[in-house]
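I would like to see how this sequence folds:
(4 chains)
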2 protein chains.
Amino acid sequence: MNQSLRIVLIEDDDIIRMGYQSLLNEVEDFNVVNSYASYDLARKHLEADQPDVILLDIQMPGTNGLQALPIIKKALPNTNIIILTVFDSPELVFEALTMGAGGYLTKNSSAAKIIDAVREVSTGGGAMSTNVARIVMHSFQKNLNSPLTKRETEILDRIANGQTKSQIASDLFIDQETVRSHVKNIYIKLDVNSKADAIKTAKEKRFI
Amino acid sequence: MNQSLRIVLIEDDDIIRMGYQSLLNEVEDFNVVNSYASYDLARKHLEADQPDVILLDIQMPGTNGLQALPIIKKALPNTNIIILTVFDSPELVFEALTMGAGGYLTKNSSAAKIIDAVREVSTGGGAMSTNVARIVMHSFQKNLNSPLTKRETEILDRIANGQTKSQIASDLFIDQETVRSHVKNIYIKLDVNSKADAIKTAKEKRFI
DNA sequence: AATGCTATCCCCCAGAAAGGGGGATATTTT
DNA sequence: AAAATATCCCCCTTTCTGGGGGATAGCATT
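Numbers count the residues shown, from 1 in each chain, chains lettered A, B, ... in the order given. A predicted model of the protein is given here:
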């Protein structure tokens, strides 16, 4: 027999919550076991609900969705959580993803996308709407017009990982003085004069 | 009038290439201006083709897709490139995204997904198939069971960004000795005895 | 052929930082 | 009440940093 997917909604807008509830309950193997207007209201029931997937709004009274996220994840490690919100600022997206969200959908997502997303995250997958994908992908892109050479980039990367010049030298089979020369050139190119500033500038400009 | 989207395919398998070509040409405002069996063959024509979007395979004779990616991006900065491949290892995905890919689709993607993706990246957006989204999202997730306290995490994060103990101390309005105490505890918890190892271990275990 | 860029190595120096010890104390959390 | 956390203090030596001054060989582009 095919076990149905247990879903919980946490969303403060009554109309929207009910809308999602009926939408998801129409799907054959979906079962919205409960829905709540806030995390604070949901908290003591979640364990009993045993949800496979939670659709979680960010903005709500009391504990907000991002605050609730890690708490839920710890209490129910096998539950996959989809953030469903109107907000799509990079800060919120990254915060949600680092805190363990399995999906991030904005509320303009179509019914089909939401249903797909629930199914996808239930198997441990990832789901995001296109505007979120845009943010995430841009966060990966390096600056292809870095003034730093390959060697300099290599060395700055190692510095950013905490290696000292002597460690770098022995790893790269070159002299410490060579590393020092490269670092000097890096500092000139980035117009900085300390490790911290070099890392900061290089990260900001996406050279590393 | 509505300008049509100029598309170029670079894919070594003749059958697949032709399949995508007819698929995409069926879309009203899509125009596959050219298709090539390799980047080396495409190279001297790309500027004239003026593609808005390129669908790029990774595996092909000569210069492969990932090597070609930054070259194309530099020559045609306004062209958005979608990687279309059978491979979906994290290494390849991250490499492609850092090199400026606007999308990463695996070849099991449906026709509709591919069409959507082309449209999405043409406006500077991001597109990825669900298995790629899974990889990308997992790369963000922090370990929620870090042994480090908030303060320790804060400090280790700053160390990883190249700050010295004295800089951290003044930023956090605490004494250098306090920072030192935290660092000592961090080292004990992570079972390391140097900055580099602490950063390395913490990153591996996703504590920062 | 010449220029420039890159990667490699060498020396001086003073001051800063790191890491290993040994503690103490107050607040918070459990 | 006990444990964890955050704060601060002292000792010490070794290492690292950043600023200054170079040199040389290879490679690419012009």
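
list the contacts for the residue of chain A found nearest DNA strand D?
Of all residues in chain A, the one sitting closest to DNA strand D is A:Asn193 (2.6 Å; C-beta to the nearest atom of the strand). C-beta here means a position set from N, CA and C on the backbone, and glycine is covered the same way. A:Asn193 sits next to A:Tyr187 when contact means C-beta atoms under 8 Å, 6 or more residues apart in numbering or on different chains.

Relative to A:Gln176, how far out is it?
19 Å (C-beta to C-beta, to the nearest Å).

Also A:Ala37?
From A:Ala37 to A:Gln176 the distance is 62 Å (C-beta to C-beta).

between those two, who's got more neighbours?
A:Ala37 (18 against 14; other C-beta atoms under 10 Å in any protein chain shown).

Phi, psi for the residue of chain A closest to DNA strand D please.
phi -140, psi 30 (degrees, to the nearest 10).

show me where chain A has strands.
A:5-10, A:30-36, A:53-56, A:80-85, A:103-106, A:127-128 (DSSP state E).

so what strands line up beside the fourth one?
In the sheet containing strand A:80-85, its partner strands are strand A:53-56 (parallel), strand A:103-106 (parallel), by DSSP bridges.

how about those in CSV, adding distance to A:Thr63 and mean neighbour count?
CSV is the format used below for the strands paired with strand A:80-85 (distance: least, C-beta to C-beta, whole Å; neighbours: other C-beta atoms under 10 Å in any protein chain shown):
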stretch, distance to A:Thr63, mean neighbour count
strand A:53-56, 11, 27
strand A:103-106, 19, 25
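
Out of these, the one nearest B:Gly65 is which?
strand A:103-106 (28.1 Å; C-beta to C-beta).

Mind exporting the C-alpha coordinates of the closest one to PDB?
Extracted in PDB, the C-alpha atoms of strand A:103-106 (Å, rounded to 0.1, in the frame of the first residue of the first chain):
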ATOM      1  CA  GLY A 103      12.500  24.400  -0.300                       C
ATOM      2  CA  TYR A 104      11.800  28.100  -0.700                       C
ATOM      3  CA  LEU A 105       8.800  29.200  -2.700                       C
ATOM      4  CA  THR A 106       7.300  32.600  -3.200                       C
END
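
Next one, pLDDT for the residue lying closest to A:Glu154 once chain neighbours are set aside please.
Once flanking residues are discounted, A:Glu154 sits nearest to A:Leu172: 7.4 Å by C-beta to C-beta, 6 or more residues apart in numbering or on different chains. With respect to pLDDT, A:Leu172 scores 96.

check contacts around A:Leu172.
A:154-155, A:179.

among the residues you listed, which are in helices?
A:154-155, A:179 (DSSP state H).

May I see these organised as JSON lines, with pLDDT and distance to A:Val121 added?
Formatted as JSON lines, the entries for these read as follows, by pLDDT from 0 to 100; distance: C-beta to C-beta, whole Å:
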{"residue": "A:Glu154", "pLDDT": "97", "distance to A:Val121": "37"}
{"residue": "A:Ile155", "pLDDT": "97", "distance to A:Val121": "40"}
{"residue": "A:Val179", "pLDDT": "97", "distance to A:Val121": "45"}
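
Return only those of those residues found close to DNA strand C.
Taking C-beta under 7 Å from any atom of the strand as the test, DNA strand C is in contact with none of these.

among these, who's most crowded?
For those, neighbours tallied by other C-beta under 10 Å; top is A:Ile155, 27 neighbours.

Near A:Ala127, how many other residues are there?
With other C-beta under 10 Å as criterion, A:Ala127 counts 27.

typo on my end, it should be A:Lys150
A:Lys150, neighbours per other C-beta under 10 Å, totals 8.

what's the answer for A:Asp52, then?
Going by other C-beta under 10 Å, the residues that sit close to A:Asp52 add up to 22.

Could you check the pLDDT of it?
So, for A:Asp52, pLDDT stands at 96.

OK, contacts around it?
A:5-7, A:78-80, A:122.

any idea how far A:Ile72 lies from A:Lys205?
37 Å.

between these two, which one's more packed in?
Neighbours were counted for A:Ile72 and for A:Lys205 using other C-beta under 10 Å; A:Ile72 has more, 23 against 15.
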